Each structure stands twice: as structure tokens, then as C-alpha cells.
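K.L.:
here is my input; please provide its structure:
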Amino acid sequence: MHGDGLSSIEISLMELEENPDDMNIIDSIFRPFHTIKGVSGFVNLNNINKLAHRAESLLDKARSKEIIIQNKIIDIILEAFSLKILTKFTIHNYKRNNFAAILK
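P.N.:
I've put the predicted structure just below:
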């Protein structure tokens, strides 16, 4: 397992393919999705919030052993992760533009 955060999700997803029952890996993927769900909700990025919530829900079901991680689930989470990178950029620009408006 390789640290926490967005930068480690891809590596953790590859590790999860090999070890679908490893709760440490699942947790390391869950945490960044939980964070981005909260942040995107706070700044009203509703579509991103819904996607993050769905990915988080899948991971939470895996944590509670309601589902077994399979390649299809990993593909869904990887797709959500790709949008997370866009989200990070969007939130950064949102904050910068919002502060610029306040200063005018």
C-alpha cells in the first residue's frame, strides 16, 4: 500500500485487483473519495458529488463485506478517480476565482 490521497489511488487499485479482500487497501481508496465528496458538496459541484458518493458507497459495501471487489467495480472506481483529478483542478479554480471576485 502506498500512502493516502489521490496520488496513491491508481497504485492501490492495481493492488486491490490482486488482493480484493484487503481492507487496508479498500480503506486507503475510500478516504480520498470521502473527502472529495464532502468538498464537492460544499462548493456545489453536484455531479461530482454524486459520482464520489457512488464510488464511496461501493467501497463502503466492500468494507462491510456486502460485496466482493471485482474488476467491474475497480473499473467504476478508476473512472470516478479520473474525474477526481478534474475535480481537484475545478475546486482549485473555483476557490481562486471566488477570491478574485471578493477582492474586486
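K.L.:
residue contacts, the spatially closest residue to residue 78 that is not a sequence neighbour?
P.N.:
Spatial nearest neighbour of residue 78, chain neighbours left out: residue 13 (5.7 Å); criterion: C-beta to C-beta, 6 or more residues apart in numbering. C-betas here are computed from N, CA, C, even on glycine. Contact analysis of residue 13 by C-beta atoms under 8 Å, 6 or more residues apart in numbering lists 29, 74, 77-78, 81.
K.L.:
residues of the helix or strand that residue 13 is a member of that come out buried?
P.N.:
In this assignment (DSSP states H and E), residue 13 forms part of helix 6-18. By 16 or more other C-beta atoms under 10 Å, the buried positions in helix 6-18 come out as 8-9, 12-13, 15-16.
K.L.:
ok, now how distant is the residue nearest the centre of the chain from residue 55?
P.N.:
The residue lying closest to the centre of the chain (C-alpha atoms, centre = their mean) is residue 33, at 2.7 Å. According to C-beta to C-beta, to the nearest Å, residue 33 stands 5 Å off from residue 55.
K.L.:
and residue 62, how many neighbours does it have?
P.N.:
When neighbours are counted by other C-beta atoms under 10 Å, residue 62 registers 24.
K.L.:
what's the helix or strand for it?
P.N.:
helix 46-63.
K.L.:
what's that helix packed up against?
P.N.:
For helix 46-63, the packing partners by 3 or more C-beta pairs under 8 Å, 6 or more residues apart in numbering; DSSP states H and E come out as helix 23-42, helix 71-103.
K.L.:
tell me what angle it forms with helix 23-42.
P.N.:
160 degrees (axes from the mean of the first three to the mean of the last three C-alpha atoms, to 10 degrees).
K.L.:
figure out how far helix 46-63 is from the centre of its chain.
P.N.:
Its chain's average C-alpha position is 8 Å from that of helix 46-63, according to C-alpha atoms, centre = their mean, to the nearest Å.
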